[in-house]
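Participant: Using only what follows, build the 3D model:
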Amino acid sequence: MVNPPNRVRKSEIKFKTELTEEQKLVKASIYEKDISIILGNFGSGKTHLACNVALDMLFKKQINKIFITRPINFEATGYLKGPQPLYSKVLTPYGWSTIGDLKVGDEVIASNGLVSKVIGKSELNTEPIYRVTTTDGRSMLCSIYHLFHTLIFNDKKHRLDYPNTHKGSVKTLEEIINTLLDNRGRINHYLPYNKPVEFLDVKSHFIHPYLMGVLLGDGYLGSSVGFTNLDNELIEKCRNICEKLNLHLTNSNNQIHYSIHGRVLNNKPSKSIILTNVITNEVEIFTKRHECVKKYNIDPGTLNTRCLKNIIKDNIHYSFGEKESDSTNVLINELIRLKLRHKKALDKFIPKEFIYNSSVEDRVELLRGLMDTDGTNDGKAGAFTTISKQLALDIQELVWSLGGRAVIYTRDRIGNSTIRKGDNKNITTKHISYEVCLNLDFNPFYISRKAIKYSPKYKHLIGIKSIERLENDVVQCIKIDNEEGLYITNDYIVTHNSIEEKMSFHVFPIKQNMYDAYGKERIDELFKDGVIQIIPIDYMKGITVSNGFMIVDEFQDIKYEDFELIVTRLGVDSKLVFTGSEQQIGIAHSCINKIKCLEHCPTVNFATLQSFHRNPDIIKVLNFIKENNK
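Facilitator: Just a heads-up that it's a prediction; the model follows:
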């Protein structure tokens, strides 16, 4: 449980607004019973009274939390019925999941790169779907009521000089559509970047991530494994990595090709020799063929023939065992496991475990191995060129997972010729290439000649380029226990799903009453600390309110099923107050008539406020209108 902030002391309790005598009497009755139903016409101070009692009990430490809810007309607003299609991706600490597959209690990645939990899911709904496309080629699907935290063009322009006043705000997609461009026709909305993602299932990779990057960049993965490079810093770093694996980095006469060997003389392990005495069933296994030849004084060729044909000679059965590995080169065996062996430049890719099962540090090392080989640097940004489309997409995701910007450009240079450095060989382009232009908050290069040049002064923000209406689809909403309410969806787009933001329009009257009673600054701090929480009725299933105070405002607009759901949430040492008006029933099947019998229930406090505590001239105006319209 969250205790009230230390800054609030019992001796400091002083409300800005006073209760009427009638409200004071009802306040005393609320203390007596755990469930209270407060009726009254508009202006009778029902909400004001409920807020006063809740804050009074909170500051006296009689409760630990205040929960607020209010019925919402979903048909009119569309809120909370689901912002994204069920197949929309959501990044988790173990890779990607979907909105539909996530369950309450599952972990997802928030915009800060850290783990957050799903603490609620809305009911399914069907709504029109929109495709949101950004200036750097990302896209996602959502409904028109989905929320984004964006900077408008003016915020973007002044955010560095005035970060406190130009930090952006939460907007619905509908608001963004209506202001997609500014009055000069420029892109007007910009999304935030995520921070480097901290995946949880981190592994220690057999192949060092930097060496993996080098092999994917300048490497050859066929019958022999190695890379082509001239940079001494890169070569020495790879040599040190290889030595730790008991591997040997050797240089050919070509001077630019470096091969990685296990045992220099032979990389092909032999099968074991199995000799079985058919009479005694004794078994003798030789892992090295020459040892068997020496012990039994047998010709190597004869031994090989007997084992191949499973011959029995002198009561001894000769056979081969299974090979324990495909190569004595442990690097080759690992490449086989990763399905990278014999991959040509056209088919290279980053194994998923080097992204989803890697620490931030290992992913940085992997990127630096890639950039030190086939990466270029103009001082403002880096770029990696490959003929493998999959490798380009993998590098893009790698950069996104590190909080960077990565845009892929397709280059058709087929037929062009260039002279390769090192051996002056003429290379003619035979394939379409993919250039990944990237920008990060850290240096993506290790070798000095490239790293020293990298000094970007600006990282372009993610602008919303277009919004396209699609067909209707089934959508759902998740709630996460993250203060900002921002999580990562398709293409690492940071999107907003704070229930509090969606509910803020509807619970504003309650917040306003709290402001009037105790001051906006103090109340906002309590909301920020989670001491006062907003919770929609749709998210109450499975919740127990203990040591808390729940206010259900405008309850005349809820159905009896919702009333029953809310009442059954009440735990120990808690109070539940419904406020509503018989004169303002907004739905056909309101529960208010059905529960009027509770007026005679001994365990329920049932009260009706009669007085009007707002400006008295309001009543005069309304009466005047009635008299003149008879």
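Participant: Just say helix, strand or coil for Glu561.
Facilitator: Under DSSP: H, G, I helix; E, B strand; the rest coil, the three-state class of Glu561 is helix.
Participant: how close does it sit to Cys591?
Facilitator: To Cys591, Glu561 is 8 Å away according to Cβ to Cβ, to the nearest Å. Yep, even glycine has a C-beta here, placed from its N, CA and C like the rest.
Participant: before we move on, what about Leu141?
Facilitator: For Leu141, the distance to Cys591 equals 37 Å [Cβ to Cβ].
Participant: And for Thr47?
Facilitator: As for Thr47, its distance to Cys591 is 18 Å (criterion: Cβ to Cβ).
Participant: on that earlier part again, ok, Glu561 and Cys591, which is more surrounded?
Facilitator: Cys591 (22 against 11; other Cβ atoms under 10 Å).
Participant: The more buried one and Phe563 touch, don't they?
Facilitator: Yes: if you go by Cβ atoms under 8 Å, Cys591 and Phe563 touch, sitting 4.3 Å apart.
Participant: any chance you could read off phi and psi for Met140?
Facilitator: Note on Met140: its backbone torsions stand at phi -150, psi 170 [degrees, to the nearest 10].
Participant: need the contact list for the nearest residue to it once chain neighbours are set aside.
Facilitator: Counting by Cβ to Cβ, 6 or more residues apart in numbering, Asn490 is the residue found nearest to Met140 once chain neighbours are left out, at 4.4 Å. By Cβ atoms under 8 Å, 6 or more residues apart in numbering, the contact list for Asn490 reads Ser88, Lys89, Arg138, Ser139, Met140, Leu141.
Participant: Likewise for Gly168?
Facilitator: So Gly168 contacts His149, Thr150, Leu151, Ile152, Asp155, Arg159, Tyr190, Pro192 (Cβ under 8 Å, 6+ apart).
Participant: out of the residues you listed, which is most surrounded?
Facilitator: Within these, neighbour counts (other Cβ under 10 Å) peak at Thr150, which reaches 24 neighbours.
Participant: what about that one, which helix or strand?
Facilitator: Per DSSP states H and E: Thr150 is located in strand 147-152.
Participant: For that strand, what is the distance to the chain centroid?
Facilitator: Centroid separation for strand 147-152 versus its chain: 17 Å, with Cα atoms, centre = their mean, to the nearest Å.
Participant: same thing with stretch 136-149?
Facilitator: Worked out by Cα atoms, centre = their mean, stretch 136-149 lies 14 Å from the chain centre.
Participant: now stretch 304-318
Facilitator: Centre-to-centre, stretch 304-318 and its host chain are 61 Å apart (Cα atoms, centre = their mean).
Participant: for that stretch, how far is the first residue from the last?
Facilitator: Distance between the boundary residues of stretch 304-318 (Cα to Cα, to the nearest Å) amounts to 9 Å.
Participant: pLDDT on that stretch, on average?
Facilitator: For stretch 304-318, the mean pLDDT works out to 92.
Participant: Also stretch 228-248?
Facilitator: 92.
Participant: same thing with stretch 478-489?
Facilitator: pLDDT averaged over stretch 478-489 gives 84.
Participant: and it, how far apart are its ends?
Facilitator: 12 Å.
Participant: Return the set of buried residues in it.
Facilitator: Of all the residues in stretch 478-489, those buried under the rule 16 or more other Cβ atoms under 10 Å are Ile478, Lys479, Ile480, Asn482, Glu484, Gly485, Leu486, Tyr487, Ile488, Thr489.
Participant: one step back: can you put the contacts of Asn490 in a markdown table and add distance to Ile408, pLDDT and neighbour count?
Facilitator: As requested, the contacts of Asn490 are exported to a markdown table (distance: Cβ to Cβ, whole Å; pLDDT from 0 to 100; neighbours: other Cβ atoms under 10 Å):
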| residue | distance to Ile408 | pLDDT | neighbour count |
| --- | --- | --- | --- |
| Ser88 | 22 | 96 | 20 |
| Lys89 | 18 | 96 | 19 |
| Arg138 | 11 | 96 | 21 |
| Ser139 | 13 | 96 | 14 |
| Met140 | 17 | 96 | 22 |
| Leu141 | 21 | 96 | 21 |
